[in-house]
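Engineer: Pasting a predicted model and its sequence here:
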Amino acid sequence: MKNRILLIGQGIAGSLLAHVLLEAGADITVIDHINAETPSRVAAGIINPVTGKRFVKSWRFDTLYEHAQALYREMEVRYGISIWEPLPIIRLLEGAEEINNWDTRCGLPEYAEWLSGIQHTHDWSGRIRADFKAGMILHSGRVHFNPIIAAIRERLTQEGRFQAANVAVSDIPALCAQYKQVICCDGYGGLSPQLFPHLPWQPAKGEALIVRLPGATGIRQMLKRSATLVPLEGDLFWVGGTYSWDLSFPLRTEQAYRELCAHIDGMLETPYEVVAHLAGIRPSVRTRRPLLGAHPSQQNLFIFNGMGTKGASLTPWCALHMRDFLLEGKALDGELR
Ligand SMILES: Cc1cc2nc3c(=O)[nH]c(=O)nc-3n(C[C@H](O)[C@H](O)[C@H](O)COP(=O)(O)OP(=O)(O)OC[C@H]3O[C@@H](n4cnc5c(N)ncnc54)[C@H](O)[C@@H]3O)c2cc1C
């Protein structure tokens with residue numbers, strides 16, 4: 001056991017770290033208490049290269065994108081599942097200033113690959129409100145988190161490496177004595193914020209809806225303005241997400257439900273029916289940088305966390321980075337904590 005690595009938590013972070021460690025030949029065990037309301041279970045898994053009001057490329061996007069594509073493709077082949085779904089984003093634009101900002105960005109050579117000018121026809125034509133113009137974000141997509149978690153769970157179970165259990169803070173000293181390295185991949189669960197209280201946690205609850213849009217089967221583009229609509233199967237769409245710093249239970253609120261419906265009403269002219277309401281707490285951080293590294297005093301305790309709003313794009317590169325740190329003692333990037 002003392003040569004084994006223990007991962008606590010198997011959301012998207014724990015799953016990708018488990019995969020790269022196993023592929024490198026590491027001897028690991030994973031413990032997860034199996035909770036249906038984690039962010040990895042409810043997220044759409046969107047990867048969007050250009051965000052914010054000024055349409056700027058995200059932090060280290062080119063590197064993150066390259067590693068994400070490579071790792072997800074490798075896992076698709078390894079596990080025989082579909083993970084990466086390319087889906088362009090129709091970005092709704094309104095008013096002279098916003099359209100001007102978009103045109104300016106589209107004119108920059110470094111954005112030519114990622115943005116396309118005003119679109120006169122697209123999958124959402126005839127459904128969006130007439131006052132909008134539409135630009136298109138290219139190379140965006142959706143990462144299917146649930147098949148990844150299920151495939152890794154199956155592999156771990158088959159190899160006798162998975163335990164369904166809840167780990168308490170009081171269990172940590174015994175686990176650190178038992179295992180060579182213990183890695184907290186528990187998101188904003190019960191452990192990391194208590195064991196690493198010095199880190200700049202800023203957890204954000206997110207809620208989303210699943211809606212049915214009659215006759216919308218065949219739309220294979222996302223639609224974004226105040227919320228994002230993501231095509232699922234048939235005429236079902238994921239709509240989200242909200243941001244709230246009130247973490248009280250129950251997680252799902254009437255207020256967020258109404259807020260999301262108002263966003264849909266503001267974007268679409270066509271009717272819809274809400275079929276599900278989802279919620280989870282994002283492990284977000286004030287600095288907006290992932291949290292990777294060692295505990296300040298417990299020698300063999302580590303954290304792999306803080307993926308915030310961008311688990312789909314950040315986690316693959318971070319998992320490879322963490323693997324090299326754990327197995328080969330390579331230094332961590334200075335921004336990752
Ligand atoms: C509404 C919503 C929409 C989102 N949309 C997107 C999106 O489109 N694109 C994107 O990139 N990101 C999105 N995110 C963010 C994304 O979901 C997170 O970045 C990511 O899921 C975090 O993964 P994680 O594995 O670190 O944490 P989690 O998903 O929280 O996983 C932690 C795991 O640890 C387990 N665990 C916790 N505590 C313990 C314990 N004490 N003992 C044992 N097991 C434990 C839990 O059961 C869980 O399985 C969204 C989040 C929300 C809420």
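Structural biologist: Done, it's in.

Engineer: Using CSV, write out every CA atom in stretch 35-44.
Structural biologist: The C-alpha coordinates for stretch 35-44 follow below in CSV (Å, rounded to 0.1, in the frame of the first residue of the first chain):
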residue,chain,number,x,y,z
ASN,A,35,-22.9,12.2,-5.4
ALA,A,36,-25.3,13.0,-8.3
GLU,A,37,-25.2,16.8,-7.7
THR,A,38,-21.6,17.5,-8.4
PRO,A,39,-20.6,20.1,-11.1
SER,A,40,-19.0,17.4,-13.2
ARG,A,41,-22.4,15.6,-13.4
VAL,A,42,-24.4,18.7,-14.3
ALA,A,43,-22.0,20.8,-16.5
ALA,A,44,-22.4,21.0,-20.2
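
Engineer: Run a quick check on residue 49 versus residue 64, I expect a contact.
Structural biologist: No: using Cβ atoms under 8 Å as the test, residue 49 is too far from residue 64 to be in contact (9.4 Å). In short, each C-beta sits where N, CA and C put it, glycine included.

Engineer: Need the residues touching each of those two.
Structural biologist: Taking Cβ atoms under 8 Å, 6 or more residues apart in numbering as the contact rule, residue 49 and residue 64 both touch residue 58.

Engineer: Domain map for the protein?
Structural biologist: 5-45+145-201+286-328, 204-282 (automatic domain parsing).

Engineer: Can you add mean neighbour count, mean pLDDT and distance to the ligand and give the ones you listed back as TSV?
Structural biologist: Formatted as TSV, the domains of the chain follow (neighbours: other Cβ atoms under 10 Å; pLDDT from 0 to 100; distance: least, Cβ to the nearest ligand atom, whole Å):
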stretch	mean neighbour count	mean pLDDT	distance to the ligand
domain 5-45+145-201+286-328	19	96	2
domain 204-282	17	96	3
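
Engineer: Let me have the ones you listed in TSV, extended by distance to residue 136.
Structural biologist: As requested, the domains of the chain are exported to TSV (distance: least, Cβ to Cβ, whole Å):
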stretch	distance to residue 136
domain 5-45+145-201+286-328	18
domain 204-282	8
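
Engineer: between those domains, which gets nearest to residue 97?
Structural biologist: For those, proximity to residue 97 was assessed by Cβ to Cβ; domain 204-282 is nearest, at 15.0 Å.

Engineer: From start to finish, how long is the closest one in a straight line?
Structural biologist: One end of domain 204-282 to the other measures 5 Å (Cα to Cα, to the nearest Å).

Engineer: Tell me the strands beside the helix or strand containing residue 135, with direction?
Structural biologist: Using DSSP states H and E, residue 135 falls within strand 133-137. Strand 133-137 sits in its sheet next to strand 89-93 (antiparallel), strand 115-116 (antiparallel), going by DSSP bridges.

Engineer: helices and strands around whichever helix or strand comes after the first one, which ones?
Structural biologist: Same thing as strand 89-93. Proceeding N to C from strand 89-93, the next assigned helix or strand is helix 96-106, under DSSP H and E. On a contact count with 3 or more Cβ pairs under 8 Å, 6 or more residues apart in numbering; DSSP states H and E, helix 96-106 meets strand 89-93, strand 115-116, strand 133-137.

Engineer: Dump the ones you listed to TSV, plus mean pLDDT.
Structural biologist: Listed next are these as TSV, based on pLDDT from 0 to 100:
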stretch	mean pLDDT
strand 89-93	97
strand 115-116	94
strand 133-137	96
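
Engineer: which one of those strands is the most hemmed in?
Structural biologist: Highest mean neighbour count among these (mean count of other Cβ atoms under 10 Å): strand 89-93, with a mean of 23.

Engineer: so that one versus helix 96-106, what angle?
Structural biologist: Strand 89-93 and helix 96-106 are oriented at 140 degrees to each other (axes from the mean of the first three to the mean of the last three Cα atoms, to 10 degrees).

Engineer: what residues does strand 89-93 touch?
Structural biologist: Residues outside strand 89-93 that contact it (Cβ under 8 Å, 6+ apart) are 48, 55, 99, 102, 118-119, 122-124, 128, 132-137, 140, 221-225, 228, 267.

Engineer: about what we covered before: check which element follows the strand holding residue 135 along the chain.
Structural biologist: Toward the C-terminus, strand 133-137 is succeeded by strand 141-143 as the next helix or strand (DSSP H and E).
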